[in-house]
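Enquirer: For reference, the sequence and a predicted model appear below.
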Amino acid sequence: QLTAPAPVKGPAAAILGTAMAADTTGASNGSWLAPANPDSVITINQPLYTARIRARGARLLSVELKPYKDGNSGHATLSANPALGLDLGDARTPVDLEGVPYAWAESLDTSGHIARVTFTAHDSSGLTIEQTFRFNAGDYRIGYAVAIAGLDSRLDLKHYRLSLRSWPLATERNHLEDLSNLGVTAKVGKANRREMAAGLKKGAKSRDGAITWLAVHSKYFMLGLVAQNVQGVATSADLAPGAVPEAHDAVIGDITLPLPAAGRVHQFMLYAGPLDYWHIQRIGMDLEPPHALGFNFFKPFSSALAWLLAFFHRVVGNWGLAIILLSTVAKAATHPLQSQGMRSMRAMQKIQPEVERIRKKHEKDPQKLNEAMMGLYKENKINPLSGCLPMIIQMPFFLALYHVLGYSIGLRQAGFVGWITDLSSPDLLAQIGPLPLRLMPLLMYGSMVLQMRMSPTDPQQKTTMTLMNLVFLFLFYNLPSGLVFYWTVMNL
């Protein structure tokens, strides 16, 4: 049910009139001319999504993503009511156009789907605002164009704003994890500037500069707007109106742009879909996912692992089996280093009696003790650090894999065996009061203990290794089950 249209706000209200007082007579009082059916909601059905646009205000209300389930039994829906809206002015001179009545016209493609919807608003002073949405079958991209002409010269308006708003966080089973990834990202100059929802509790964040794209995003989905033939001059991020700061579960981002020159149309590409790095790259958009597959240092590793994991999935058709294959390849790649480490540890065991003798002999002279130990290692051709080398080499891959398995849209809600119903989230075997019982981290801990017992270990390091295994159990307990599964396979 539609609510009453909101009045135009700001200093321009006296000239622009209000949507409530629409004038069909053409009187020159600056009122908006009311078309037929201004409160219509147009539904656009495409193979990948269903979009809904309200004629009043020409607001994009929602995009329902058909290939993706939500946290319950429906489809994941980016529904913000509105998700996208256009208003005149900037932060200093805002003019709210939510209540403006737009006339609309649609055109169909050869398959009978709506391919284009054009919304046009006129007022009696000669102002015309036109917004056009273009839809492509089989693509999450939506073409979007804005034309504004005939603005009264008495108005001190040089800009307009496009706003994106996040959707209710009902798409995921793990609400808190989705909330921790909720934010607004804008490309300002050459840098991606990200504002997370938790950081907006203290107030809005604004930036000036050349803005080329804006996005609101959760963990797995994104609504992004890319400017194609224009650049924004400012952007801001804030909690959405009505959002409780303590909950910070809704955000809004806007981009301020110069008004189109006479006869010019500003072109944009709207992306409403999964936060899939490879899909976004393939469609040629300069819209890097906010997570960016991890930090810049790990990005090459993340990109390689994401490609390899997707390749294995295409081969075997199961993400769990793909993780096993990825683990196998990683283990084979690090096998020479692991073998060298094992040989070094066995050699260390052989010289242990001599090590004890040297320690007792030089226990009061640390410098001589160190020199004697280095001489012993050199004489027996032992590298004392080689036992740790395999772990050190694996860490960049492990951290990169955390982003790949933790944020991969492919693993979202992808089950494997039995109790593992979502490889991108921690597994849950049972809930014992407030404590979740997770079997996968316990199996991983068991594999680490087994590996420790089968490997030659310095008796003095046994306690340290035991404590390290417990630390790993604690650290991994709430990590994605796919990542824990990978580490378990690596230990076998």
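Expert: Yes, it's here.

Enquirer: so where do the helices sit in the stretch 251-400 of the chain?
Expert: Assigned helices in the stretch 251-400 of the chain, in chain order: 277-282, 299-316, 319-350, 352-361, 366-379, 389-407 (criterion: DSSP state H, counting those that start in this stretch).

Enquirer: from the ones you listed, which stretch is densest packed?
Expert: Counting by mean count of other C-beta atoms under 10 Å, helix 389-407 has the highest mean neighbour count of the helices of the stretch 251-400 of the chain, with a mean of 19. Where C-beta positions appear, they are placed from N, C-alpha and C, glycine not excepted.

Enquirer: Show me how far that helix is from its chain's centre.
Expert: Relative to its chain's centre, helix 389-407 lies at 19 Å (C-alpha atoms, centre = their mean, to the nearest Å).

Enquirer: Extract the residue ranges of the stretch 151-300 of the chain that are flagged as low pLDDT.
Expert: 282-298 (pLDDT under 70).

Enquirer: residue boundaries of the strands in it?
Expert: 159-165, 183-188, 191-196, 205-217, 221-227, 232-239, 251-258, 266-274 (DSSP state E, counting those that start in this stretch).

Enquirer: To residue 446, which of the helices of the stretch 251-400 of the chain lies closest?
Expert: Between residue 446 and the helices of the stretch 251-400 of the chain, the tightest spacing by C-beta to C-beta is seen for helix 319-350, at 16.5 Å.

Enquirer: how much does that closest one deviate in direction from helix 352-361?
Expert: 60 degrees (axes from the mean of the first three to the mean of the last three C-alpha atoms, to 10 degrees).

Enquirer: Tell me which other helices or strands helix 319-350 touches.
Expert: With contacts taken as 3 or more C-beta pairs under 8 Å, 6 or more residues apart in numbering; DSSP states H and E, helix 319-350 sits against helix 299-316, helix 389-407, helix 481-491.

Enquirer: Would you single out the least confident of those helices?
Expert: The weakest mean pLDDT among these belongs to helix 389-407, with a mean of 72.

Enquirer: coming back round to it: and the helices and strands packed on helix 319-350: which comes nearest residue 273?
Expert: Of all the helices and strands packed on helix 319-350, it is helix 389-407 that lies closest to residue 273, at 14.9 Å by C-beta to C-beta.

Enquirer: buried sites along the host helix or strand of residue 446?
Expert: In the assignment (DSSP states H and E), residue 446 maps to helix 439-454. Buried positions in helix 439-454, judged by neighbour count with 16 or more other C-beta atoms under 10 Å: 439-441, 444-445, 447-449, 452.

Enquirer: what does stretch 467-485 give?
Expert: So for stretch 467-485, counting by 16+ other C-beta under 10 Å, buried means 469, 472-473, 476-477, 479-485.

Enquirer: so which pair among these is furthest apart in space?
Expert: 469 and 482 (20.7 Å).

Enquirer: Skipping its backbone neighbours, what lies nearest the residue located most distally from the centre of the chain in space?
Expert: The centre of the chain is farthest from one residue, residue 361, which by C-alpha atoms, centre = their mean lies 59.2 Å away. Counting by C-beta to C-beta, 6 or more residues apart in numbering, the nearest residue to residue 361 once its immediate chain neighbours are dropped is residue 372, at 7.5 Å.

Enquirer: for that neighbour, what are its contacts?
Expert: Residue 372 makes contact with 358, 361-362, according to C-beta atoms under 8 Å, 6 or more residues apart in numbering.

Enquirer: now do 10 Å
Expert: 354-355, 357-359, 361-362, 365 (C-beta atoms under 10 Å, 6 or more residues apart in numbering).

Enquirer: For the residue nearest to residue 144 when sequence neighbours are not counted, give the beta-bridge partners.
Expert: With sequence-adjacent residues excluded and distances taken as C-beta to C-beta, 6+ apart, residue 144 is closest to residue 268, at 4.3 Å. Per DSSP bridges, the residues bridged to residue 268 are residue 144, residue 227.

Enquirer: Also residue 223?
Expert: Residues in a beta bridge with residue 223, per DSSP bridges, are residue 216, residue 272.

Enquirer: ok, it touching residue 51?
Expert: No: checked against C-beta atoms under 10 Å, the pair residue 223 and residue 51 is beyond contact range at 11.4 Å.

Enquirer: which residues do the two both contact?
Expert: Joint contacts of residue 223 and residue 51 (C-beta under 10 Å, 6+ apart) are 60, 63, 78, 83, 270, 272.

Enquirer: OK, contacts around the residue nearest to residue 144?
Expert: Counted by C-beta under 10 Å, 6+ apart, residue 268 has contacts 84, 142-146, 162, 213-214, 224-230, 255, 257.

Enquirer: one more time with 6 Å, if that's ok
Expert: 144, 225, 227 (C-beta atoms under 6 Å, 6 or more residues apart in numbering).

Enquirer: cool, residue 83 as well?
Expert: Per C-beta under 6 Å, 6+ apart, neighbours of residue 83: 60, 165, 223.

Enquirer: quick one: what helix or strand has it in it?
Expert: Using DSSP H and E, residue 83 falls in strand 75-88.

Enquirer: starting at the chain centroid, how far to that strand?
Expert: Strand 75-88 has its C-alpha centroid displaced from the chain centroid by 17 Å (C-alpha atoms, centre = their mean).

Enquirer: swap in stretch 406-419?
Expert: 16 Å.

Enquirer: For it, measure first residue to last.
Expert: Stretch 406-419 stretches 18 Å from its first residue to its last (C-alpha to C-alpha, to the nearest Å).

Enquirer: Just the buried positions in it, please.
Expert: Buried-residue list, stretch 406-419, by 16+ other C-beta under 10 Å: 406-414, 416.

Enquirer: again with stretch 195-207
Expert: Neighbour-count burial for stretch 195-207, counted by 16+ other C-beta under 10 Å, picks out 195-197, 200, 205.

Enquirer: re earlier: now do the helix holding residue 446 against helix 481-491, angle only.
Expert: 20 degrees.

Enquirer: who does helix 439-454 touch, helix- and strand-wise?
Expert: helix 459-476, helix 481-491 (3 or more C-beta pairs under 6 Å, 6 or more residues apart in numbering; DSSP states H and E).

Enquirer: Give me the angle between it and helix 459-476.
Expert: Using the same axes, to 10 degrees: helix 439-454 against helix 459-476 is 170 degrees.

Enquirer: centre of the chain versus helix 439-454, how much separation?
Expert: Distance of helix 439-454 from the chain centroid (C-alpha atoms, centre = their mean) equals 32 Å.

Enquirer: what residues does that helix touch?
Expert: For helix 439-454, contacts defined as C-beta under 6 Å, 6+ apart pick out 427, 429, 465, 469, 473, 476-477, 481, 484, 487-488, 491.

Enquirer: can you do 10 Å?
Expert: Taking C-beta under 10 Å, 6+ apart as the rule, helix 439-454 contacts 416, 418-420, 423, 426-430, 438, 461-462, 465-466, 468-470, 472-492.

Enquirer: now the residue nearest to residue 484 when sequence neighbours are not counted: how far from residue 486?
Expert: The shortest distance from residue 484 to any non-neighbouring residue, by C-beta to C-beta, 6+ apart, is to residue 440 (4.6 Å). Using C-beta to C-beta, to the nearest Å, residue 440 is found at 10 Å from residue 486.
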